[in-house]
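> Here is the input, now give the coordinates:
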Amino acid sequence: MVRLWLLLSAFAGFSGVALGAFAAHGLKSRLSAEYLAVFQTGTHYQLIHALALLGVAILALVAPGRLVNLAGGFFAAGILLFSGSLYALTLSGIGKLGIITPFGGLAFLAGWACLGVAAWRMA
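Numbers count the residues shown, from 1 in each chain. Sure, this is the predicted structure:
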């Protein structure tokens with residue numbers, strides 16, 4: 001699983017930087033200031049959780065376990081649902097896509113909770 005978490009971390013980090021640059025340079029004149037801020041929120045959370053996935057990969061090396069892997073899965077799902085829905089909302093203009101965003105936020109919270117419980121149980 002370590003390899004998977006490292007690959008997901010690298011992909012999320014790479015694409016988060018690329019999407020942030022795309023927003024700053026390519027979308028600046030095409031999106032309203034409000035939508036640009038929403039897009040940037042997506043990249044912000046994606047990059048934070050790319051680092052969280054890197055932490056999961058490192059933790060999976062030294063203290064592998066079900067909760068560590070669950071945390072990684074929740075972080076990856078959170079990126080997809082939270083950031084992905086914000087990207088889709090801003091690029092399509094379909095406001096109803098925002099209904100997906102809270103599920104991504106819940107996935108992020110579940111990931112952090114799993115990480116916390118895993119840390120609590122460490123000897």
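> Quick check: phi and psi at Pro64.
phi -60, psi 150 (degrees, to the nearest 10).
> what do you get for Ser32?
Dihedral angles of Ser32 (phi, psi; degrees, to the nearest 10) stand at phi -70, psi 160.
> Give me the neighbour count for it.
10 (other Cβ atoms under 10 Å). Every C-beta, even on glycine, is put in place using the N, C-alpha and C of the backbone.
> Now do it against Trp120, distance only.
Ser32 is 44 Å from Trp120, where distance means Cβ to Cβ, to the nearest Å.
> Next: Ala77.
Counting by Cβ to Cβ, the gap from Ala77 to Trp120 is 22 Å.
> For these two, indicate the residue with more neighbours.
Ala77 (18 against 8).
> ok, for the more buried one, nearest residue in space, not its chain neighbours?
Ala107 (4.3 Å; Cβ to Cβ, 6 or more residues apart in numbering).
> I'd assumed Gly84 was in contact with that neighbour.
No. Taking Cβ atoms under 8 Å as the definition, Ala107 is not a contact partner of Gly84, at 11.3 Å.
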